[in-house]
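>>> Predicted model and sequence follow; I will ask about them next.
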Amino acid sequence: MKQLAPAWQELVTTARRTVSDGLVVGTSGNVSVRVGDTVLVTPSGVPYDRLGPRDLVAVDLDGVQHTGALAPTSELPMHLAIYRHTDARAVVHTHALHATAVSTLVSELPPVHYMTAALGGLVRVAPYATYGTEELAENMLAALAGRTGCLLRNHGTVTYGATLDAAYDRTAQLEWMCRLWLTAHSVPGRSPSLLTDEQLREVGERLRGYGQPGDA
């Protein structure tokens, strides 16, 4: 447990940030980070400001809990599905307001901004399924194919990355793009201009060398 303490503290800090930045309300949403074959994850129904070092929750890739007395988040199937099928080291799930609103309107987020390319391309909306189910996890994986983030219909967002910072930044960027589209789309008599596939491909090429090593 001692070797997991730094990762747990970073996870708690990120979880609290989702609340302070308005991406979740109360305990809606969850965060996880992978350390080897161990997954640290926020517990179910516990306010993040109450979490301390002794509240560490850890499971293996099969979902078997081996550390902690608190039950892991009910959305554990989504987190584990991402770790089993991608190179993710961190996952952030939120119920961000604008992103959730967009998930009820379209099957994919229209490309109103070039940062669409930073998530791998057009952001898809996974079909609705009851929270915490394997069906939702499967729907999410299909929407994530070739992407690092997606929307969940009538539910929220999921993003992942090589670090918690990368996963969180993608969540925040996705919420901002959804807010941008809703704002532009709401102007009477006008339609937002959208980027073409070629424009997104060009941006994608430029973004490959952006940032610092290890930020993927």
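Good, I have the coordinates.
>>> all helices of this structure, in order?
5-20, 76-85, 97-103, 134-144, 164-185, 197-207 (DSSP state H).
>>> Would you reformat the ones you listed as JSON lines and include mean neighbour count and mean pLDDT?
For glycine as for every other residue, the C-beta is placed from the backbone atoms N, C-alpha and C. Below are the helices of the chain laid out as JSON lines (neighbours: other CB atoms under 10 Å; pLDDT from 0 to 100):
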{"stretch": "helix 5-20", "mean neighbour count": "18", "mean pLDDT": "97"}
{"stretch": "helix 76-85", "mean neighbour count": "21", "mean pLDDT": "98"}
{"stretch": "helix 97-103", "mean neighbour count": "21", "mean pLDDT": "98"}
{"stretch": "helix 134-144", "mean neighbour count": "19", "mean pLDDT": "98"}
{"stretch": "helix 164-185", "mean neighbour count": "20", "mean pLDDT": "97"}
{"stretch": "helix 197-207", "mean neighbour count": "13", "mean pLDDT": "93"}
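>>> got those helices as TSV, with distance to residue 43 columns?
Formatted as TSV, these follow (distance: least, CB to CB, whole Å):
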stretch	distance to residue 43
helix 5-20	10
helix 76-85	10
helix 97-103	23
helix 134-144	19
helix 164-185	17
helix 197-207	35
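>>> Which one, of those, ends up nearest to residue 112?
helix 164-185 (4.7 Å; CB to CB).
>>> can you give me the offset of that closest one from its chain's centre?
Distance of helix 164-185 from the chain centroid (CA atoms, centre = their mean, to the nearest Å) equals 11 Å.
>>> got it, and stretch 50-69?
20 Å.
>>> Equivalent analysis for stretch 181-201, please.
23 Å.
>>> what about that stretch, how long is it end to end?
20 Å (CA to CA, to the nearest Å).
>>> nearest to residue 42, of the helices of the chain?
Of these, the one closest to residue 42 (CB to CB) turns out to be helix 5-20, at 5.3 Å.
>>> Not counting its own residues, what contacts the closest one?
Residues from elsewhere that reach helix 5-20, judged by CB atoms under 8 Å, 6 or more residues apart in numbering: 24-25, 29-33, 35, 40-42, 48-49, 51-53, 56, 90, 92, 94, 164-165, 168, 171.
>>> mind redoing it with 7 Å?
Residues from elsewhere that reach helix 5-20 (CB atoms under 7 Å, 6 or more residues apart in numbering): 24, 29, 31, 33, 35, 40, 42, 48-49, 51, 53, 56, 92, 94, 164, 168.
>>> same deal with stretch 181-190?
Contacts for stretch 181-190 (CB under 7 Å, 6+ apart): 98, 101, 102, 109, 110, 112, 192.
>>> Select, from those, the two members most distant in space.
Longest span within the contacts of stretch 181-190, CB to CB: 101 and 192, 15.4 Å.
>>> my guess is residue 109 meets residue 179, correct?
No: using CB atoms under 7 Å, residue 109 makes no contact with residue 179, being 11.0 Å away.
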